[in-house]
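# 3D, please:
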Amino acid sequence: MSLRVDPEKNEVRALKAVIDWHEKLVLEIGCGEGRLTRRLARLGAIVHANDPDAGLIAKAKRNVPRSFAKRIRFRVGQAEKLNHASKTFDIVVFSWVL
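The predicted structure follows:
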């Protein structure tokens, strides 16, 4: 049996309710296989997603539709060691990580 997270898309409705994601530069910490990453890109965000697990990053890259290829960047990295200048991103997402 496969795990289906949020098949009703309640998460997407909640995200849409709080902000207009269109063209926002988003840092996603702990992206895992990229499920939320793809949803954010579908909402119009430009997402820089990281995860400490190289295997999950590889899987996330394989699952990116061509239409989102320019909207998503994946990187292996740890939340404690982000290498971005202050105020680089409009939004930071840290969800389903702990």
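# for the residue nearest the centre of the chain, helix, strand, or coil?
Central residue of the chain (CA atoms, centre = their mean): residue 37, 2.6 Å from the mean position. Counting by DSSP: H, G, I helix; E, B strand; the rest coil, the backbone at residue 37 sits in helix.
# that one reaches residue 60, doesn't it?
Yes - with contact defined as CB atoms under 8 Å, residue 37 reaches residue 60; the gap is 6.5 Å. Bear in mind the C-beta positions are built from the backbone N, C-alpha and C, glycine included.
# quickly list what's touching both of the two.
Taking CB atoms under 8 Å, 6 or more residues apart in numbering as the contact rule, residue 37 and residue 60 both touch 31, 49, 74.
# I'd like those residues laid out as CSV, including neighbour count, pLDDT and distance to residue 97.
As requested, those are arranged in CSV below (neighbours: other CB atoms under 10 Å; pLDDT from 0 to 100; distance: CB to CB, whole Å):
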residue, neighbour count, pLDDT, distance to residue 97
31, 28, 95, 9
49, 27, 96, 12
74, 21, 97, 15
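# so which of those residues comes closest to residue 85?
Closest approach between those and residue 85, by CB to CB: residue 49, at 17.8 Å.
# rewinding a little: list the contacts of the residue nearest to the centre of the chain.
Taking CB under 8 Å, 6+ apart, one finds 28, 31, 47, 49, 60, 64, 72, 74 in contact with residue 37.
# likewise for residue 91?
Shown in contact with residue 91 (CB under 8 Å, 6+ apart): 19, 21, 24, 25, 26, 27, 45.
# and it, what are its bridge partners?
residue 26 (DSSP bridges).
# distance of it from residue 6?
Distance, residue 91 to residue 6, using CB to CB, to the nearest Å: 19 Å.
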